[in-house]
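A.B. asks: build me a model:
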Amino acid sequence: MSISKKIKRAVRGEVKPKTVVLEAVRRARVWNQIRKERESLDRVNSEGPKLWLGKDPVQQLVHFRNRVEPRFFAGFTKQSSDQSTDLLTVAEQIVNSHSWELLGFGLQNFGKEIEWCRDPLSGFQWPLDYHRDIPLIRNDGSDARVLWELNRLGHLNTLARAYAVSNEERFSEECVAQLSSWSRKNPYGRGVNWTCAMEVALRAMNLLTIFELLKTSTRFDTDTISLFLRLFNQHGTYIYNNLEFSHISTSNHYLTDVAGLLWLGIMLDEFVDSESWYDLGMAELLSEMDKQILPDGADFESSTGYHRFILELFLYSFILCKQNDLDIEKKYWDKLKLMLVYMRGYLRPDGLAPLIGDSDSGQVLPIRHRRADEHSHVLTIGSVFFRDAKLKLPGASLPEELLWILGAEGVATFNALNEPALLKSEGFPDAGTYVMRDGALYLCVNTSDAGLNGRGSHGHNDALSIEVFAFGRPLIVDPGTYVYSADLKQRHQFRSTAFHSTVMIDGEEQNTTVETMPFVIGDEAKPHVLEWNVTPEFDRIVAEHYGYRRLAVAIVHRRTITFHKRQKEWLIEDEFVGEGEHEYEVRFHFAPGLKITTLAGSITAEDRGVRLVLSSLDLSGQPELETQATSRDYGDKTESVTACWRTSGRPGKLRWRFQVSQMSDML
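C.D. replies: This next block holds a predicted model:
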């Protein structure tokens, strides 16, 4: 595809003509860089880094073993044997059988000799071609995202931490053996594991972690130090030369690239290139914070899953800078705190997140495997770091990550923080996320746009969709993501209007999507909030979207939600403003595991003494119960039920009552 055609496809959303010209110039320059990179692959693969130190491996080994600066995260510097009850068990499994959990696919066995370029699910063997020649979307069951997770080397982080708390050399030996294997089978710049600078950056962060933890091991010898230094040089060189930057738009990918450079620049000041890595990394990290974080603290990609990932990047990077006395302007600390406030605002009473938009379950420094909807551990680290009890969740437990990132002092601070007050209803207008709360009752309504300043990438067709939680039980949920390129049909379904608790009109999507373009979504809906009112007795939101103005006969969907707190009920009014005859499909997506029964136009969903009665106040017919699915983690899928009311006619109103109760209320 020509540069002009690629730019034409890329230009959507809010893009100025000057920006298009700059992007055309940049892409033309990249072609020249590609030629030079092809010619340099073998050289970079074989050469060592340029260091301010001498080239003698013994001298290098002594230096890195004994250095006390720069400083890594506090818990990685001074370990405690009680840092995890199951860390050693998981590490034993990795050593003994090469088995560990992979995303939402559960426990996977990777065989006696790990095949770093073979898709662990489909079995597809990715070629060792030049990285820019490899197409990533194949739609044959293979999924680069799954293989990339293996090659982020997070499981070696587990082995290195197990060595650090136990001093058992078999963990360090296995760790070094796998790193040596990885290096042999992934020559620089060749193969799928070098196709994305974001993946290289995340792997570099894990390599830095492993390096810090293994320095005292007897296995950390001259060969090992040479291996690490060569890998650090390759990773820094690759990221610097393959930044995922565009004048049109940057995203979590570019942010991860520059964060990786920042970490390498801070932790490897012995490298001649470290200053350029640090300078670019720090400047661009803060610049991207200005671009990517909305005024109310939300990531601009319209995704709670990517908000967690982005928050981890900023939070851990800022902590690393603080550890090394590197100054960051106050306004950026304030933005970081706003990101934590936003996370606290959207989390349910059980501490789990509504999965608005995409989530690929990505983690920065995966100390524990966390599902896509587990976000509260990040919030806890932030509350301790800022010493702010208001950022804690009521009843929050101490996550393992806190001890590794902030050390024993962080644990002491956590224990000293007061218990926070119960959260109240809160709206985040820039994010488009509004949450109605009263004690154990929670409803989240989504009015976010497509994301990325209208370009769309990780947003879903979920305008005016809701999530309902009561008395410890999710009742109405967002279906999540499931997978990306492994199954384009299901990728298309999970982000579709019909998979969300909203209204589909005339069988059309709210925003245009194409099944073969899994990371492109239109921005026709542009949700708009007309009213947001919070009182002690009730909350109300009125919002509408314009995705159906593009129909032959235009129509606007307006949804009003009123929360009557004492009655423990929500009333929803769907109003359709426009002309002509239309077909309406109103769906509500139930959480998995609920017992669903229907009776005279209403549906009862219950489990463990919690009951939701959902009634139509205008339609007498029974809704159709559709079998769909819900995904709480990338690759995980559980069957669930959606209630769908279908009707047709001229624009008007449809009303719904959600009443929640628990067994104690019925006695």
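A.B. asks: so how far is stretch 67-80 off the chain centroid?
C.D. replies: 27 Å (C-alpha atoms, centre = their mean, to the nearest Å).
A.B. asks: make residue 1 into 51 and carry on from there
C.D. replies: Okay, residue one is now 51; in that scheme the one you just asked about reads as stretch 117-130.
A.B. asks: identify each buried residue in that stretch, please.
C.D. replies: Buried residues in stretch 117-130, defined by neighbour count with 16 or more other C-beta atoms under 10 Å: 120-126, 129. The C-beta positions use only the backbone N, C-alpha and C, and glycine is treated the same way.
A.B. asks: tell me the mean pLDDT over that stretch?
C.D. replies: The average pLDDT for stretch 117-130 rounds to 87.
A.B. asks: and the contacts of that stretch?
C.D. replies: Identification of contacts with stretch 117-130 by C-beta atoms under 8 Å, 6 or more residues apart in numbering yields 133, 211, 214-215, 258-259, 262-263, 316-317, 319, 366, 369-370, 373-374, 453-460.
A.B. asks: what of stretch 145-156?
C.D. replies: Taking contacts as C-beta under 8 Å, 6+ apart, the residues outside stretch 145-156 that touch it are 140, 143-144, 157-162, 164, 170-171, 196, 199-200, 205, 208-209, 220-221, 224, 410-411, 419, 421-422, 681-686.
A.B. asks: packing partners for the lengthiest helix in the chain?
C.D. replies: With DSSP state H setting the assignment, residue counts place helix 67-96 as the longest helix in the chain. Contacts defined by 3 or more C-beta pairs under 8 Å, 6 or more residues apart in numbering; DSSP states H and E place helix 67-96 against helix 53-60, helix 272-291.
A.B. asks: sorry, back to before: I'd like to know which of the contacts of stretch 145-156 are part of helices.
C.D. replies: 140, 143-144, 196, 199-200, 205, 208-209, 220-221, 224.
A.B. asks: where along the stretch 351-500 of the chain do the helices fall?
C.D. replies: Secondary structure of the stretch 351-500 of the chain by DSSP state H, counting those that start in this stretch: the helices cover 354-373, 380-396, 426-435, 450-466.
A.B. asks: turn these into CSV, including distance to G506, mean neighbour count and mean pLDDT.
C.D. replies: Output for these, formatted as CSV (distance: least, C-beta to C-beta, whole Å; neighbours: other C-beta atoms under 10 Å; pLDDT from 0 to 100):
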stretch, distance to G506, mean neighbour count, mean pLDDT
helix 354-373, 13, 23, 98
helix 380-396, 20, 18, 98
helix 426-435, 25, 24, 98
helix 450-466, 32, 18, 96
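A.B. asks: ok, which of these comes nearest G630?
C.D. replies: Ranking those by proximity to G630 (C-beta to C-beta) places helix 354-373 first, at 36.1 Å.
A.B. asks: list the helices and strands that closest one packs on?
C.D. replies: Helix 354-373 packs on helix 302-317, helix 324-342, helix 380-396, helix 426-435, helix 450-466, going by 3+ C-beta pairs under 8 Å, 6+ apart.
A.B. asks: which among the ones you listed is found nearest to P524?
C.D. replies: That would be helix 380-396 among the helices and strands packed on helix 354-373, by C-beta to C-beta, at 13.7 Å.
A.B. asks: by how many degrees do the closest one and helix 354-373 diverge?
C.D. replies: 140 degrees (axes from the mean of the first three to the mean of the last three C-alpha atoms, to 10 degrees).
A.B. asks: just the CA atoms of helix 380-396, as CSV, please.
C.D. replies: Provided in CSV are the C-alpha atoms of helix 380-396 (Å, rounded to 0.1, in the frame of the first residue of the first chain):
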residue,chain,number,x,y,z
LYS,A,380,4.0,19.4,40.0
LYS,A,381,1.3,19.6,37.3
TYR,A,382,2.2,16.1,36.2
TRP,A,383,2.0,14.7,39.8
ASP,A,384,-1.4,16.3,39.9
LYS,A,385,-2.5,14.6,36.7
LEU,A,386,-1.3,11.3,38.0
LYS,A,387,-3.4,11.8,41.1
LEU,A,388,-6.4,12.6,38.9
MET,A,389,-5.9,9.3,37.1
LEU,A,390,-6.2,7.5,40.4
VAL,A,391,-9.3,9.5,41.3
TYR,A,392,-10.9,8.4,38.1
MET,A,393,-10.1,4.8,38.7
ARG,A,394,-11.5,5.0,42.2
GLY,A,395,-14.6,6.6,40.8
TYR,A,396,-15.4,3.8,38.3
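A.B. asks: domain parsing for the protein?
C.D. replies: Segmentation of the chain into domains, based on automatic domain parsing, reads 51-86, 96-300, 343-473, 476-716.
A.B. asks: could you export those to a markdown table, including columns for distance to D323?
C.D. replies: As requested, the domains of the chain are exported to a markdown table (distance: least, C-beta to C-beta, whole Å):
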| stretch | distance to D323 |
| --- | --- |
| domain 51-86 | 17 |
| domain 96-300 | 6 |
| domain 343-473 | 18 |
| domain 476-716 | 31 |
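A.B. asks: for S337, find the nearest of those.
C.D. replies: Closest to S337 of the domains of the chain is domain 96-300 (C-beta to C-beta; 9.1 Å).
A.B. asks: start and end of the closest one, how far apart?
C.D. replies: 32 Å (C-alpha to C-alpha, to the nearest Å).
A.B. asks: next, count neighbours for the residue lying closest to P107 once chain neighbours are set aside.
C.D. replies: Ranked by C-beta to C-beta, 6 or more residues apart in numbering and with sequence neighbours excluded, the top spatial neighbour of P107 is T272, at 3.8 Å. T272: 13 surrounding residues under other C-beta atoms under 10 Å.
A.B. asks: of the buried residues of stretch 117-130, closest to Q543?
C.D. replies: F123 (40.2 Å).
A.B. asks: tell me which residues in the strand ranked longest in the chain are buried?
C.D. replies: For the chain, the longest strand by residue count, based on DSSP state E, is strand 688-699. Within strand 688-699, the residues scored as buried using 16+ other C-beta under 10 Å are 690-695.
A.B. asks: of these, which is the nearest to W176?
C.D. replies: Once C-beta to C-beta is applied, the member of the buried residues of strand 688-699 that ends up nearest W176 is S690, at 33.3 Å.
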